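Q: Sequence and predicted structure are below.
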Amino acid sequence: MFSIRRIGIWGRKRQDSDHGAVATLLAAILAGGVVFGLGAVVIDIGQLYVEREQLQSGADAASMAVALSCIRGDVCTKENQVGKAILYAKKNAGGDQQADAMVCISNTSCPSPWNTTVTCPPLPAVPAGQSVGQYAEVRTSTVTSTGSTLLPPTFAGALTGGAYTGKKVGTCARVSWGPPVTTKVFALGISLCDWKRMTGNGTVYYGPIGGLLSGLGLYTTIGLPNPTTGADYSIVKSGSTVLLGSVIPSCTTPLDTTVPRGYGWLMYQDLTAPDSSCMMNIAVDDLPRASVLALTALTCVPLLQAYAAAGKAIMVPIYDKLVPSFSPILSIAPQYHIVGFAPFVPTGYYTLLGGLVKGLGSILSGGLTQGLNDVLCIVSACITGYFTKTLVPLSRPTGFGTGQNFGATVIARTG
């Protein structure tokens with residue numbers, strides 16, 4: 001007679017002696033508190049992650065708010081900005097709305113010590129001739145409703161017999177800003193002299209009439225007044241400006257007719273024309289040339305008039321000198337030395353009768369120097385408009401310009 005043993009589902013001989021082993025092991029684990037201990041650790045670690053996420057959101061928001069405040073022209077010191085940073089840290093702190101924050105502006109008078117050992121990543125290395133820009137660094141840390149700087153444990157304190165009283169959590173964020181080094185611009189160079197004249201040497205800017213968002217990725221900064229009637233100025237084409245330069249309102253004291261003024265249509269240094277949208281890639285210290293035989297104007301003037309009709313800003317290069325400086329009129333294609341970039345809102349383009357009417361209107365309203373400037377449009381094409389301010393957001397800046405800011409500010413998170 002054969003004896004048949006029971007075979008398990010996988011073909012293995014079943015061992016009846018294993019019955020109850022798992023249950024016995026589970027009972028032992030539960031009795032020893034292992035499961036409850038693991039659960040306590042998971043809950044407390046989860047709280048730490050939530051706290052860190054809230055503090056990071058506060059640091060991100062606070063660093064951006066401080067940077068925008070500094071760009072806007074508010075007093076940009078840690079003493080004046082720390083209240084704003086703490087406010088944003090608390091608003092992102094979850095249910096208890098409790099957090100602390102410290103501020104450092106461009107590594108000047110930084111807190112010592114910081115409220116946390118957490119640091120931002122190093123500032124990005126920049127090429128020669130560029131800068132790391134200005135920056136706002138904010139570090140946030142834990143504060144409870146009782147004033148403690150430790151995030152208290154939920155279970156771990158009891159499991160350790162009170163030896164573990166909590167952990168201090170900290171985060172860091174940094175936002176940098178500065179003038180652009182290179183950007184895509186409309187092929188319209190405007191003189192530094194005219195920029196100074198029209199902005200009061202960088203003290204008068206206006207908000208755009210229409211929406212400023214455009215293909216250039218420009219955004220308004222808040223706090224700019226809307227343009228008023230007569231806020232726009234005429235800019236005479238640079239050729240006529242050189243011939244009749246002494247008549248133009250001067251940005252120099254005493255009057256210096258050797259300072260270039262006016263505007264000029266541009267092309268690349270190798271005489272390559274701008275693209276079909278009248279756009280060029282230009283960097284500070286580049287030397288683009290004046291458009292040969294005004295060929296650029298044929299493409300750009302209709303586009304300029306379209307921008308004027310829409311009330312949109314365009315980014316334009318600002319130049320401070322012509323090369324060769326001794327005789328730009330006799331040169332077929334003089335070069336313009338670029339010192340920076342400015343957002344400009346065109347409001348019109350006219351010649352002949354338009355210049356006479358606008359000039360007489362300015363003179364009758366008491367604006368003699370501006371009227372004389374407008375009258376020059378009788379013999380040369382004039383562009384009217386005004387300068388504004390814009391933000392140019394970037395995700396990975398290679399660096400910022402070291403010269404004057406003409407109203408265009410690159411802003412980027414760098415930590």
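A: Ah, there it is. Numbers count the residues shown, from 1 in each chain.
Q: Only C-alpha atoms from now on, for both contacts and neighbour counts.
A: OK.
Q: Quick one: the strands in the stretch 151-300 of the chain, in order.
A: Remark: strands assigned in the stretch 151-300 of the chain by DSSP state E, counting those that start in this stretch are 170-178, 182-186, 188-191, 219-220, 233-236, 263-267, 279-283, 289-290.
Q: Rebuild those as a markdown table, extending it with distance to Val410.
A: A markdown table is the format used below for the strands of the stretch 151-300 of the chain (distance: least, C-alpha to C-alpha, whole Å):
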| stretch | distance to Val410 |
| --- | --- |
| strand 170-178 | 5 |
| strand 182-186 | 10 |
| strand 188-191 | 20 |
| strand 219-220 | 11 |
| strand 233-236 | 26 |
| strand 263-267 | 24 |
| strand 279-283 | 14 |
| strand 289-290 | 26 |
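Q: mind giving me TSV with these and columns for mean neighbour count, distance to Val126 and mean pLDDT?
A: Conversion of the strands of the stretch 151-300 of the chain to TSV gives the following (neighbours: other C-alpha atoms under 10 Å; distance: least, C-alpha to C-alpha, whole Å; pLDDT from 0 to 100):
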stretch	mean neighbour count	distance to Val126	mean pLDDT
strand 170-178	25	13	94
strand 182-186	20	14	93
strand 188-191	27	27	94
strand 219-220	18	25	62
strand 233-236	27	36	76
strand 263-267	27	28	91
strand 279-283	20	15	96
strand 289-290	27	28	88
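Q: Out of those strands, the one nearest Ile338 is which?
A: Smallest distance to Ile338 across the strands of the stretch 151-300 of the chain (C-alpha to C-alpha): 7.5 Å, for strand 279-283.
Q: which strands and helices sit next to the lengthiest helix in the chain?
A: Longest among the helix segments of the chain by residue count, using DSSP state H, is helix 34-72. Under the contact definition 3 or more C-alpha pairs under 8 Å, 6 or more residues apart in numbering; DSSP states H and E, helix 34-72 sits against helix 78-91, strand 134-141, helix 156-159, strand 170-178.
Q: State the distance from the spatially closest residue to Asn281 that is not a sequence neighbour to Arg174.
A: In space, and not counting its chain neighbours, Asn281 is closest to Lys184: 4.4 Å by C-alpha to C-alpha, 6 or more residues apart in numbering. Counting by C-alpha to C-alpha, to the nearest Å, the separation of Lys184 from Arg174 is 26 Å.
Q: ok, now Tyr205?
A: Relative to Arg174, and taking C-alpha to C-alpha, Tyr205 is found at 28 Å.
Q: Quick one: neighbours of Gly83, just the number.
A: Number of residues near Gly83 (other C-alpha atoms under 10 Å) recorded here: 16.
Q: do Asp285 as well
A: 14.
Q: ditto for the one 3 residues further on
A: Using other C-alpha under 10 Å, Pro288 has 28 neighbouring residues.
Q: Going along the chain, name the helices of the stretch 301-415 of the chain.
A: 353-364, 368-375 (DSSP state H, counting those that start in this stretch).
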